[in-house]
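**Q** Fold the following and give me the result.
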Amino acid sequence: MDYLPGGRHVRGQSLYGWVAHGWSCLSLGWSFIVVDINDVVVAAARGRPPSWITDIYGAELWATQQVISNVLPGTSRLITDCDSVRDGYHRGRKWATAPGRLYARVWNVIYTATDSEETMMPIIWMPAHTAEWEVGMVTKSNGAVMTKQDRDNNALADTSAKIAAEAGRCRQAIRATILEAVADVTDMAVCIAKVTTLANHFKCPDGTILRDSQAQSALERRRNSKKRKDCDPNNDCGEQPDICQRLAKCPRIAAILERVRSRGMNVEEQPSLHLAKAAPASGVT
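**A** Okay, here's the model as predicted:
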């Protein structure tokens with residue numbers, strides 16, 4: 001495909017969008033540069049997208065809208081490193097402006113400005129953040145290899161978008177506070193994960209592994225019920241003497257047992273008083 005002379009390099013940029021998982025410190029910027037047929041920069045623009053644009057894709061799309069809204073129809077080509085913009089443009093207006101599209105209003109402006117063959121603007125994708133050795137090796141979406149001018153122009157647009165995003169960044173104190181809170185939550189999550197893992201992989205002395213909520217079959221439940229029914233009330237549980245011994249070592253249970261024994265001893269030492277309280281009043285002195 002033969003492209004018209006000149007070009008616009010479009011770039012969107014995000015700063016500190018990852019900090020708080022809720023995008024509390026998100027700062028977006030967009031930019032584009034204009035080069036002539038000799039790849040000499042003749043103009044540039046940058047800014048910040050509106051607040052309802054919340055990701056890099058939206059910033060790239062907003063920059064594309066700014067380019068298409070401010071150039072003469074059919075005189076330029078647009079080069080971007082966001083393949084989603086190029087792919088959305090080639091999918092057509094019906095797809096891009098569907099009710100479920102988050103940025104349908106931006107796409108509507110783009111398609112309104114390029115609604116005929118005369119006003120269509122070729123959009124070319126190029127790789128982003130490339131190394132110097134990749135010049136002349138990687139290709140753009142039109143099949144042409146990436147030149148040094150392409151890489152330099154994309155880097156210039158990237159730097160300009162970062163400058164625009166820098167103007168809306170949160171203060172250092174706010175970012176530090178959020179980072180500290182994120183670190184605390186991360187430590188809590190790690191602790192919970194470790195406890196959960198240990199609770200579901202508890203190793204018994206005999207080598208068996210138990211879970212925190214170990215399921216029991218109906219047969220096991222019947223066996224356990226029968227053992228409880230066969231248990232002697234005098235702390236002699238027949239097949240499970242070790243359980244009674246372990247329970248008796250518990251401080252709270254040992255204190256309860258001691259109080260019960262002491263009350264029983266008091267009754268044995270004072271049987272007449274106990275019987276007098278239990279006998280009905282006869283009225284005889």
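
**Q** got any ranges where the stretch 101-250 of the chain has weak pLDDT?
**A** Along the stretch 101-250 of the chain, segments meeting pLDDT under 70 span 117-119, 212-218, 221, 224-244, 246-247.

**Q** residue contacts, Asn70?
**A** By CB atoms under 8 Å, 6 or more residues apart in numbering, the contact set of Asn70 is Ala45. For glycine as for every other residue, the C-beta is placed from the backbone atoms N, C-alpha and C.

**Q** Next one: it from Met120, what distance?
**A** Remark: distance between Asn70 and Met120 (CB to CB, to the nearest Å) = 16 Å.

**Q** Looking at the strand or helix carrying Val67 now, give me its mean pLDDT.
**A** For Val67, the element it lies in under DSSP states H and E is helix 56-69. Helix 56-69 shows a mean pLDDT of 88.

**Q** try stretch 44-53
**A** 89.

**Q** Buried residues, that stretch. List them.
**A** For stretch 44-53, the buried set under the neighbour-count rule, 16 or more other CB atoms under 10 Å, comprises 45-49, 53.

**Q** among the residues you listed, which are in strands?
**A** By the criterion of DSSP state E, membership of those in strands covers 45-47.

**Q** Generate JSON lines for the residues you listed, with distance to Glu180 as supplementary columns.
**A** What follows is those, written out as JSON lines (distance: CB to CB, whole Å):
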{"residue": "Ala45", "distance to Glu180": "37"}
{"residue": "Arg46", "distance to Glu180": "32"}
{"residue": "Gly47", "distance to Glu180": "32"}
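
**Q** List the buried residues for stretch 167-179?
**A** Buried residues in stretch 167-179 (16+ other CB under 10 Å): 170, 175, 178.

**Q** Output these in CSV; the columns should cover secondary structure and distance to Asn153.
**A** Below are the buried residues of stretch 167-179 laid out as CSV (DSSP: H, G, I helix; E, B strand; the rest coil; distance: CB to CB, whole Å):
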residue, secondary structure, distance to Asn153
Cys170, coil, 30
Arg175, helix, 31
Ile178, helix, 35
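
**Q** mind listing the strands for the protein?
**A** Under DSSP E, the chain gives strands at 7-15, 27-35, 41-47, 78-80, 123-125, 202-203, 209-210.

**Q** mind putting these in a markdown table, distance to Ile163 included?
**A** A markdown table is the format used below for the strands of the chain (distance: least, CB to CB, whole Å):
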| stretch | distance to Ile163 |
| --- | --- |
| strand 7-15 | 9 |
| strand 27-35 | 7 |
| strand 41-47 | 6 |
| strand 78-80 | 19 |
| strand 123-125 | 24 |
| strand 202-203 | 56 |
| strand 209-210 | 58 |
